[in-house]
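*Asks:* Sequence and predicted structure, then a few things I'm wondering about:
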Amino acid sequence: MPEAQARGAAAKQTDDWHDRLAEAERGQFISAEAIEEWVASWLATGELPPPDPDVFITRLG
């Protein structure tokens, strides 16, 4: 993989990670069931898109 391509991929992963952290800070999570269904689809004919958050926690205080 060329160096510029590797840097681009690393930057995207970092952006994705920051997006997931922001969701967690807002109390948005993806259930284990949704993750398991998504991962199971990897071996199927029609891979599902990554799941959206389906668990929402309200912070108190």
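*Replies:* The structure has been received and is ready for your questions. Numbering: from 1, shown residues only.

*Asks:* so which strand or helix has residue 15?
*Replies:* helix 3-25 (DSSP states H and E).

*Asks:* After that helix, heading C-terminal, what element do we hit next?
*Replies:* Toward the C-terminus, helix 3-25 is succeeded by strand 28-29 as the next helix or strand (DSSP H and E).

*Asks:* ok, back up a step: tell me which other helices or strands the helix holding residue 15 touches.
*Replies:* Of the remaining helices and strands, none touches helix 3-25 by 3 or more C-beta pairs under 8 Å, 6 or more residues apart in numbering; DSSP states H and E. All C-beta spots, glycine's among them, are computed from the backbone N, C-alpha and C.

*Asks:* How many neighbouring residues does residue 17 have?
*Replies:* By other C-beta atoms under 10 Å, the residues close to residue 17 number 10.

*Asks:* From residue 50, how far off is it?
*Replies:* According to C-beta to C-beta, to the nearest Å, residue 17 stands 14 Å off from residue 50.

*Asks:* And for residue 59?
*Replies:* Separation of residue 59 from residue 50 (C-beta to C-beta): 25 Å.

*Asks:* With neighbour numbers in mind, choose between those two.
*Replies:* Comparing residue 59 with residue 50 by neighbour count (other C-beta under 10 Å), the higher total belongs to residue 50, at 10 against 7.

*Asks:* where does this protein have low pLDDT?
*Replies:* Filtered on pLDDT under 70, the chain yields the residue ranges 1, 61.

*Asks:* repeat that with 90
*Replies:* Within the chain, the ranges that satisfy pLDDT under 90 run 1-28, 44-45, 58-61.

*Asks:* Looks like residue 52 contacts residue 30 (just checking).
*Replies:* Yes - the criterion here is C-beta atoms under 8 Å, and residue 52 meets it with residue 30 at 7.4 Å.

*Asks:* okay, these two: which has more neighbours?
*Replies:* residue 30 (16 against 9).

*Asks:* could you list every residue that touches the more buried one?
*Replies:* 51-55 (C-beta atoms under 8 Å, 6 or more residues apart in numbering).
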